[in-house]
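A.B. asks: what follows is a predicted protein model with its sequence.
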Amino acid sequence: MEDKEIYYSQLQHFEIINEFDGTKYNDIGDNDILINENGEFSALVIFKPRVKFSLFKSMDILSIPWHHVRKIGKETLILDYDFDEEKESK
């Protein structure tokens, strides 16, 4: 049986991939994780640049509820989230 525990310091280097549309985001260390008052992960916060190359970095902040995280692999965090569906519901 393999060990399911992981250190946060290891998690920081994991790549984030959205299984829904195949989008790759930066490492978790370049983004953030929201922790609720019970000490549980409640959301993954992704800072997504609006433009790839710019002197002035403007960012979109995407907040993904933690229940959309499908799997934490050896070097990746897989989520399944439709950003367009969220926009339509607002």
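C.D. replies: That came through fine.
A.B. asks: mind listing what residue 23 touches?
C.D. replies: residue 17 (C-beta atoms under 8 Å, 6 or more residues apart in numbering). From N, CA and C alone the C-beta is placed, and that goes for glycine too.
A.B. asks: buried residues of the longest strand along the chain, list them for me.
C.D. replies: The residue-count maximum for a strand in the chain (DSSP state E) belongs to strand 41-49. Residues of strand 41-49 classed as buried by neighbour count (16 or more other C-beta atoms under 10 Å): 43-44, 46.
A.B. asks: can you put these in TSV and add distance to residue 35?
C.D. replies: Shown next, in TSV, are the buried residues of strand 41-49 (distance: C-beta to C-beta, whole Å):
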residue	distance to residue 35
43	9
44	11
46	16
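A.B. asks: from those, which single one is nearest residue 9?
C.D. replies: residue 44 (17.3 Å; C-beta to C-beta).
A.B. asks: check the offset of the following helix or strand past the longest strand of the chain from the chain's centre.
C.D. replies: The element immediately downstream of strand 41-49 (helix or strand, assigned by DSSP states H and E) is strand 59-65. Relative to its chain's centre, strand 59-65 lies at 8 Å (C-alpha atoms, centre = their mean, to the nearest Å).
A.B. asks: can you list contacts of strand 59-65?
C.D. replies: Contacts with strand 59-65, where a contact means C-beta under 8 Å, 6+ apart, come from 34, 42-50, 79, 81, 83.
A.B. asks: stretch 24-43 now?
C.D. replies: For stretch 24-43, using C-beta under 8 Å, 6+ apart, the contacting residues are 11-18, 44-48, 63-66, 69, 77.
A.B. asks: among the contacts of strand 59-65, which pair sits farthest apart?
C.D. replies: Using C-beta to C-beta, the contacts of strand 59-65 span at most 25.4 Å, a distance reached by 42 and 50.
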